[in-house]
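Undergrad: Any chance you can model this:
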Amino acid sequence: MTAYKNPFGLFLLETQKLKRTGFVPAFLGGGILAALVPAINMALRAETFTAQAGSPFHILMDANWQLMAQLNVFLLVCGACLLYHTEYADNGIQKVQVLPLWPFGLFLGKLWVLLFSCLLPLCMETASLLLCSIHWFPGGTVTGIQVLSSMAFELALLLPTGTAMLFIASMCQNMWLGLGMGVILVFFASMLPSHIPALQMLPFSSPYGMLHQFSPKEAGGMLCICLGEMILLSGAEHVYQTFRRYFA
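TA: Next up is the predicted model:
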């Protein structure tokens, strides 16, 4: 059971399973769709935003990030379901249990793939925001540190959501059941009051936050909470996998 405990080995093992699953096209298409949001919004209502004072990047984030973040969350929901669908198809997960593989490594490998996959849409969205700020705010200034820190913060906020969705998908043999539960949680999180800090830190709510909305202390606290949620959800998956081997 000690094989593939190396994180890089787990990552390579899972990437080999992505052929003909539609995983990469889904993230590519989702990234393109999310990247088009600020461009279309500015093309239709440029005067509304160019008249505002402040950082162009923050203006664009405030105007577009809620929809862009929701698309990112939907990508995580679909991606997690696709990753585990490959295991449940043709009773593959039962076959894996008799192989010399680390049971929890299956989850960790998929988590690595899902989190690295988030970089593709985030990079496309960052490029779109930068191009929009350059085109529609020619006199504004956008620093590289501002952009990189903001996108790194958004990536960190996606981590608990990806972990939670993988945990849900791992328990659902039917992909549509996991997908339905994920969609319900996405819409439920979007209806939660945004002025209550505790609700903002829930896995399906945290991706809507933006770095410039928080003080350095609040942002650091939110990152620590996200890390704690990841550890907690991963621990719950480890417990689930342990008991599953006895009762599956």
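Undergrad: So which residue is smack in the middle of the chain?
TA: Against the mean C-alpha coordinate of the chain, by CA atoms, centre = their mean, the closest residue is residue 158 at 3.9 Å.
Undergrad: Contact partners for that residue?
TA: Taking CB atoms under 8 Å, 6 or more residues apart in numbering, we find residue 158 in contact with 72-73, 76, 115, 118, 206-207. For glycine as for every other residue, the C-beta is placed from the backbone atoms N, C-alpha and C.
Undergrad: Which one (most neighbours) among the residues you listed?
TA: Using other CB atoms under 10 Å as the neighbour criterion, residue 76 leads the contacts of residue 158 with 29 neighbours.
Undergrad: phi, psi of it?
TA: For residue 76, the backbone dihedrals (degrees, to the nearest 10) come out as phi -60, psi -40.
Undergrad: show me the contacts for it.
TA: 114, 118, 158, 161-162, 165, 182.
Undergrad: Mind telling me the two of those residues farthest from one another?
TA: Largest separation among those by CB to CB: 118 and 182, giving 15.3 Å.
Undergrad: need the helix or strand of the chain with the lowest average pLDDT.
TA: helix 92-96 (a mean of 62; mean pLDDT, DSSP states H and E).
Undergrad: which is the next helix or strand following it?
TA: Note on helix 92-96: by DSSP states H and E, the next helix or strand toward the C-terminus is helix 103-117.
Undergrad: Give the buried residues for that next one.
TA: 103-115, 117 (16 or more other CB atoms under 10 Å).
Undergrad: now do stretch 125-137
TA: 125-126, 128-130, 132-133, 136-137.
Undergrad: now stretch 62-73
TA: In stretch 62-73, counting by 16+ other CB under 10 Å, buried: 62-65, 68-73.
Undergrad: Could I get the average pLDDT for it?
TA: For stretch 62-73, mean pLDDT rounds to 93.
Undergrad: How about stretch 182-193?
TA: Mean predicted lDDT for stretch 182-193 stands at 89.
Undergrad: export that stretch as CSV, just CAs?
TA: Only the C-alpha atoms of stretch 182-193 are listed here, as CSV (Å, rounded to 0.1, in the frame of the first residue of the first chain):
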residue,chain,number,x,y,z
GLY,A,182,-22.5,20.3,-6.3
VAL,A,183,-24.9,22.5,-8.3
ILE,A,184,-27.3,22.8,-5.3
LEU,A,185,-24.4,23.8,-3.0
VAL,A,186,-23.2,26.4,-5.5
PHE,A,187,-26.6,28.1,-5.7
PHE,A,188,-27.1,27.7,-2.0
ALA,A,189,-23.8,29.5,-1.3
SER,A,190,-24.7,32.3,-3.7
MET,A,191,-27.8,33.0,-1.7
LEU,A,192,-26.0,33.3,1.6
PRO,A,193,-25.7,36.9,3.1
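Undergrad: what ranges do the helices span in this protein?
TA: Secondary structure of the chain (DSSP state H): helices located at 7-15, 23-50, 56-88, 92-96, 103-117, 119-136, 144-170, 175-190, 197-200, 216-247.
Undergrad: comparing those, which gets the lowest mean pLDDT score?
TA: Across the helices of the chain, helix 92-96 has the smallest mean pLDDT, namely a mean of 62.
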